[in-house]
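Here is my input, please return the structure:
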Amino acid sequence: MPKITYIEHNGTKHEIEVRTGMTVMEGARDNGVPGIEADCGGACACSTCHVYVDPAWVDRLPPKDPMEEDMLDFAWQPDPERSRLTCQLKVTPELDGLVVNMPEKQI
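Coordinates of the predicted model:
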């Protein structure tokens, strides 16, 4: 299974094996990773699963669709390049090693 590293705002790391086909958000939620609230349950209707993707991964992810772009406008301190909603990132074997950093807070 692909391993995703979730890094809390305080620097605490969580390396989680996430089953292919799940989302990066589901991997965090199902493993109790703090910092990803996912209030809408993955419907891309909020921004509470916002993360900053490690710079080495930005160009390796699928592009943001317009709905994700719109929701990121509501995220805490979004970064135009690195911000993503984890509910929109499907886990594939190619994501093995992905590193995401949680913002200071979710709004």
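
low pLDDT regions in this structure?
By pLDDT under 70, the chain has no low-scoring segment.

which residue is nearest the centroid of it?
Nearest to the geometric centre of the chain sits Thr86, at 2.9 Å (Cα atoms, centre = their mean).

Tell me how far that residue lies from Phe74.
15 Å (Cβ to Cβ, to the nearest Å). All C-beta atoms are positioned from the backbone trio N, CA, C, and that covers glycine.

Likewise for Gln88?
14 Å.

With Gly27 instead?
23 Å.

Could you do Arg19 as well?
On the measure of Cβ to Cβ, Arg19 and Phe74 end up 29 Å apart.

Verify the stated contact: Ile16 with Tyr6.
Yes. Using Cβ atoms under 8 Å, Ile16 is in contact with Tyr6, at 6.6 Å.

joint contacts of these two?
Here Ile16 and Tyr6 have Gly27, Ala28, Val33 as joint contacts, going by Cβ atoms under 8 Å, 6 or more residues apart in numbering.

tell me the contacts of the last one?
Contact partners of Val33, counting by Cβ under 8 Å, 6+ apart, are Tyr6, Glu8, His14, Ile16, Gly27.

and of those, the nearest to Asp54?
For these, the closest approach to Asp54 (Cβ to Cβ) belongs to Tyr6, at 11.0 Å.
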